[in-house]
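S.K.: this one's sequence-less:
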């Protein structure tokens, strides 16, 4: 029986499992991840302002795996063997006829002192730590920022930081406490959020100015200390620092012969194939792909990668050539606690729609429908 292994239980991994099952009804599918659950990361930005509880976003995968006839292998991946035909984990080996790597990436430890910051996309615990520290403050300085991997400029995730920034600002205003806080946004790029499009950047900076948020941009970061952000443009105080470092590939990939980019991400081509490794595909944040410089590291793009990879796996396993290229597409709602702005970029056009309540509702509806499909 054909056996497809999938590393990762995030957006890309679950989309790959569903797509493979539809196309290969009799295949054996094994999903490899440390825990048998799924975390809905896009809604973590609502945890600090009490719109969500962290555990509401952790969904057990028992029902999903039963419905799609997927076997779970609980373990941490440690390497690959035989050109990817064997996945090595700390709890045993998983042989396969085809492999889809959807493990996600990891955050680089740069600049120094990242132990003094909160990184919300590290998971529920980080989101709840921001909530705890924020609620404990009566007044003070708040700082929100992001950076990229200097060896992989596209390996960044800035969208959640804009949502956290504007969401907390709105929440404080709702409580009548905004005047008690100085808020600073920081980023080494002079035009933060350029992947969203120039119109979107102009809108973000204009909104910061309107809200009285200081924009400390265009200055290289030098490090973090307890209560301080350091940059070549000057240091500034911060009682709470939320920061999204640049991203790199999974740590176990460095123990393999997989081709890696300059930023240590797994190389994938336009079909999501890993060059030189037949039957091995990479999707989402773990990979470095050809495409436009605005191509995002986000759940929607991981889903698009996964659909293409799963279809190409099916063709390869049935003796055909991969023929489905992934679509580069950026689609997100930048939520501000009670409103949202829709941003879209595709191969031929871009779109930025105003910040209005219906887009906040749309983001909530998407969350509900997506999680219903998992449950």
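M.R.: Perfect, I can see it now. Here the structure is a predicted model, which means the values were calculated and not measured.
S.K.: ok, now which ones touch residue 163?
M.R.: Neighbouring residues of residue 163 by CB atoms under 8 Å, 6 or more residues apart in numbering: 45, 334, 335, 336. In short, each C-beta sits where N, CA and C put it, glycine included.
S.K.: Now with 10 Å, please.
M.R.: For residue 163, the contacting residues are 42-46, 120, 144, 332-337, 340, 363, taking CB atoms under 10 Å, 6 or more residues apart in numbering as the criterion.
S.K.: OK, contacts around residue 151?
M.R.: Going by CB under 10 Å, 6+ apart, residue 151 touches 108, 246, 248, 261, 262, 263, 264, 265.
S.K.: If any of those are buried, put those into a PyMOL selection.
M.R.: To isolate the buried members of the contacts of residue 151 in PyMOL, using 16 or more other CB atoms under 10 Å:
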select buried, resi 108+246+248+261+263+264+265
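S.K.: coming back round to it: just the buried ones from the contacts of residue 163?
M.R.: 42-46, 120, 144, 332-337, 340, 363.
S.K.: Of those residues, which belong to strands?
M.R.: Here DSSP state E is the test, and the buried ones among the contacts of residue 163 give 144, 332, 333, 334, 335, 340 as lying in strands.
S.K.: Could you measure from the third one over to residue 57?
M.R.: The spacing between residue 333 and residue 57, counted by CB to CB, to the nearest Å, is 17 Å.
S.K.: Is residue 31 in a helix, a strand, or coil?
M.R.: strand (DSSP: H, G, I helix; E, B strand; the rest coil).
S.K.: and it, how many residues sit next to it?
M.R.: Residues lying near residue 31 (other CB atoms under 10 Å) number 27.
S.K.: re earlier: which two of the contacts of residue 163 lie the greatest distance from each other?
M.R.: Spanning the widest gap among the contacts of residue 163 are 144 and 363, at 19.2 Å by CB to CB.
S.K.: domains of this protein?
M.R.: As recorded under automatic domain parsing, the domains making up the chain are 3-105+249-317, 109-247.
S.K.: can you pull the contacts of residue 44?
M.R.: Residues in contact with residue 44 (CB under 10 Å, 6+ apart) are 52, 54, 57, 120-124, 126-128, 130, 160, 163-164.
S.K.: Give me the subset of those residues that lies in strands.
M.R.: In strands, judged by DSSP E, none of these are found.
S.K.: So which of the residues you listed wins on neighbours?
M.R.: Result: residue 127 is most packed of the contacts of residue 44 (other CB under 10 Å), 29 neighbours.
S.K.: Run through the residues that contact that one.
M.R.: By CB under 10 Å, 6+ apart, the contact list for residue 127 reads 39, 41, 43-48, 52-54, 57, 118-121, 160, 164, 242.
S.K.: Ok, residue 340 next?
M.R.: Contacts for residue 340 (CB under 10 Å, 6+ apart) come out as 163, 166, 332-334, 353-364.
S.K.: ok, now residue 79?
M.R.: Neighbours of residue 79 in contact, by CB under 10 Å, 6+ apart: 86, 87, 88, 89, 252, 253, 254, 255, 256, 257, 258.
S.K.: do that again at 8 Å, thanks
M.R.: Residue 79 touches 88, 252, 255, 256, counting by CB under 8 Å, 6+ apart.
S.K.: Equivalent analysis for residue 211, please.
M.R.: Per CB under 8 Å, 6+ apart, neighbours of residue 211: 166, 169, 183.
S.K.: try residue 303
M.R.: By CB under 8 Å, 6+ apart, residue 303 lies in contact with 11, 12, 15.
S.K.: where does the last one land in three-state SS?
M.R.: Counting by three-state DSSP, the backbone at residue 15 sits in helix.
S.K.: and it, how many residues sit next to it?
M.R.: A count of neighbours around residue 15, defined by other CB under 10 Å, yields 24.
S.K.: Also the first one?
M.R.: Other residues within reach of residue 11, judged by other CB under 10 Å, total 26.
S.K.: right, and residue 307 touches residue 20 too?
M.R.: No: at 10.2 Å, residue 307 does not count as touching residue 20 under the criterion of CB atoms under 8 Å.
S.K.: Have a look at those two and say which one is more surrounded.
M.R.: Legend: neighbour count by other CB under 10 Å for residue 307 and residue 20, higher for residue 20 (26 against 20).
S.K.: Skipping adjacent residues, who's closest to that one in space?
M.R.: residue 310 (4.7 Å; CB to CB, 6 or more residues apart in numbering).
S.K.: so who does residue 2 touch?
M.R.: Residue 2 touches 24, 26, 27, 28, 97, 98, 317, counting by CB under 8 Å, 6+ apart.
S.K.: mind checking how far it is from residue 283?
M.R.: From residue 2 to residue 283 the distance is 19 Å (CB to CB).
S.K.: which one among the ones in strands among the buried ones among the contacts of residue 163 gets closest to residue 291?
M.R.: Comparing these against residue 291 with CB to CB places residue 332 closest, at 16.9 Å.
S.K.: returning to that earlier point: cross the contacts of residue 79 against strands and list the overlap.
M.R.: Per DSSP E, strands hold the following members of the contacts of residue 79: residue 88.
S.K.: Which of the contacts of residue 79 scores worst on pLDDT?
M.R.: Ranked by pLDDT, the contacts of residue 79 bottom out at residue 255 (88).
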